[in-house]
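In: Got a predicted model here, sequence first, then my questions.
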Amino acid sequence: MVRMTASRERSLEIPGWYQLKIKGSQDITSSHATVGIVVKDNPPRPTLNPETLEVKEGTSVKLTCSAAAPCPSHPPTLTWTPSLGAIKETLQENQNETKSMISMLTFNAAFLHHRKSISCTANYDEQAGKFG
């Protein structure tokens with residue numbers, strides 16, 4: 001039996017100072033009026049498919065991990081632990097026009113994998129303060 005878990009490594013935080021501009025009947029801009037903003041985002045955990053799996057030794061196993069990619073120009077990095085074989089990654093457009101990062105791990109089951117946990121972690125980097 002192979003047990004799989006999904007986790008988020010960290011949330012996105014981009015602290016900084018931004019100038020405040022109020023639009024209305026009179027546009028107001030002041031170099032003295034600033035506001036501190038911390039942007040935090042907690043994307044959902046990655047999804048693993050299948051969640052549990054029982055296979056015989058020598059069987060080819062394909063596991064899929066998917067995570068939301070709210071900023072497609074900087075998709076999350078998906079990491080398999082342990083890394084057991086070939087990994088193929090793609091950025092997929094969903095039916096609701098959102099994007100997901102997909103990682104497929106393929107390996108041959110061996111007795112060494114018996115009762116081992118395999119996890120997929122999604123890491124959302126700040127990307128030096130750039131937004132997608």
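Out: It's in.
In: how close does P82 get to I118?
Out: Relative to I118, P82 is positioned 7 Å away (CB to CB, to the nearest Å). C-beta here means a position set from N, CA and C on the backbone, and glycine is covered the same way.
In: Looking at these two now, which is surrounded by more residues?
Out: Legend: neighbour count by other CB atoms under 10 Å for P82 and I118, higher for I118 (21 against 10).
In: surely that one meets V61?
Out: No - counting by CB atoms under 8 Å, I118 stays clear of V61, with 9.2 Å between them.
In: Tell me, how many residues neighbour the nearest residue to S60 once chain neighbours are set aside?
Out: Counting by CB to CB, 6 or more residues apart in numbering, S60 lies nearest to N108, which is 5.7 Å off, once chain neighbours are set aside. Residues contacting N108 under the criterion other CB under 10 Å number 13.
In: which residues touch N108?
Out: Residues near N108 by CB atoms under 8 Å, 6 or more residues apart in numbering: 58-61, 85.
In: Make a PyMOL selection of whichever of the residues you listed turn out to be buried.
Out: Selecting only the buried entries of those in PyMOL, with 16 or more other CB atoms under 10 Å as the criterion:
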select buried, resi 61
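In: between the contacts of N108, which is nearest N96?
Out: Nearest to N96 out of these is V61 (CB to CB; 29.7 Å).
In: Name the residues linked to that closest one by a beta bridge.
Out: Judged by DSSP bridges, the bridge partners of V61 are F107.
In: How much space separates it from K116?
Out: Here V61 is placed at a distance of 12 Å from K116 (CB to CB).
In: in the protein, which ranges drop under the pLDDT threshold?
Out: Applying pLDDT under 70 to the chain flags the ranges 1-41, 126-132.
In: Quick check: end-to-end length of stretch 72-82?
Out: Start-to-end span of stretch 72-82 (CA to CA, to the nearest Å) is 26 Å.
In: ditto for stretch 50-67
Out: End-to-end distance for stretch 50-67: 15 Å, by CA to CA.
In: Give me the contacts around it.
Out: Residues contacting stretch 50-67 (CB under 8 Å, 6+ apart): 1-4, 6, 43-44, 46-49, 76, 78, 80, 92, 100-111, 118, 120, 122.
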